[in-house]
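Peer 1: sequence below, structure please.
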Amino acid sequence: MKEITIISGKGGTGKTTIVGSLASLAEGAVFADCDVDAANLGLIMKPDTRESHEFRASSQAFIDSEKCALCGRCQDLCRFDAVLDTSDGGYQVDGLSCEGCGVCFHACPADAIEMREVVSGQWFISDTPYGTLVHARLGIGEDNSGRLVTQVRQKARELASEADNVEVIITDGPPGIGCPVISSLTGTSMALIVRSLAAQPFMTWAALLSSASTSMLK
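Peer 2: Numbers count the residues shown, from 1 in each chain. Sure, this is the predicted structure:
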């Protein structure tokens, strides 16, 4: 099974448009939208959602007000300022600010803090006029986009291997050179790099080419 991954050094270069164009030409393909922070391949391919799944990859702290001793240690130790004062003199965790590091959980002398797994996003399997599309949406302010990219690619490969007439997976990768890009490139057969008409620094392209070469060898 061949996999073609389309990437770019920055957003807005037109890689999703190219993927959509390839979709109209390809026969026997499964498509994966790995730009999970801003997935927009669906705008072109008009997906009809067949399955929807929760993506859980992070934890957040929750304070049990009945157990809390009001010592304030969690607030003093939180480097993200995620522990807020409540109107009744207690404490609560701001879910958008909490990074799930667990420092407060381990430091609480009253065992009043619990780390709970939270929904970080969703991933979907959809039918399109061009073939099956696996795509995802990361929640606002959530991290672990690399893991969500891996989930999308794994499901796309599974669907492609089960189908009788699929010969290639076409992946719309994320922009840049970060963790989601590495996750979308690892083990792919070919990378197509789309460059913007505007000039980009040489080091950006050197880093992107290096990332693509290294990841494809794994």
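Peer 1: for V152, see how far away G173 is.
Peer 2: 11 Å (C-beta to C-beta, to the nearest Å). Placement of C-beta: from N, CA and C, glycine included.
Peer 1: intersection of neighbour lists for those two?
Peer 2: Residues touching both G173 and V152 by C-beta atoms under 8 Å, 6 or more residues apart in numbering: C34.
Peer 1: check contacts around the residue nearest the centre of the chain.
Peer 2: Geometric centre of the chain, nearest residue: S145, 2.6 Å, by C-alpha atoms, centre = their mean. Applying C-beta under 8 Å, 6+ apart, we find S145 in contact with 36-37, 138, 174, 179-180.
Peer 1: from the residues you listed, which land in strands?
Peer 2: 138, 174 (DSSP state E).
Peer 1: what residues are bridge-paired with the closest residue to Q151 other than its chain neighbours?
Peer 2: Distances taken as C-beta to C-beta, 6 or more residues apart in numbering place W123 nearest to Q151, at 5.7 Å, with adjacent residues excluded. W123 has these beta-bridge partners by DSSP bridges: H53, A136.
Peer 1: report the backbone C-alpha coordinates of the helix or strand containing F31 in CSV.
Peer 2: Assigned by DSSP states H and E, F31 belongs to strand 29-33. Output in CSV follows, covering the C-alpha atoms of strand 29-33 (Å, rounded to 0.1, in the frame of the first residue of the first chain):
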residue,chain,number,x,y,z
ALA,A,29,-7.9,5.7,-2.8
VAL,A,30,-8.5,6.4,0.9
PHE,A,31,-8.0,9.9,2.1
ALA,A,32,-6.7,11.2,5.5
ASP,A,33,-6.9,14.8,6.7
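Peer 1: hey, what's the angle from the longest helix seen in the chain to strand 29-33? Just curious.
Peer 2: Taking DSSP state H as the criterion, the chain has its longest helix at helix 145-162. Calculated by axes from the mean of the first three to the mean of the last three C-alpha atoms, to 10 degrees, helix 145-162 forms an angle of 170 degrees with strand 29-33.
Peer 1: show residues contacting the strand holding F31.
Peer 2: 19, 22-23, 39-42, 45, 128, 130-136, 152-153, 156, 159-160, 163, 166-172.
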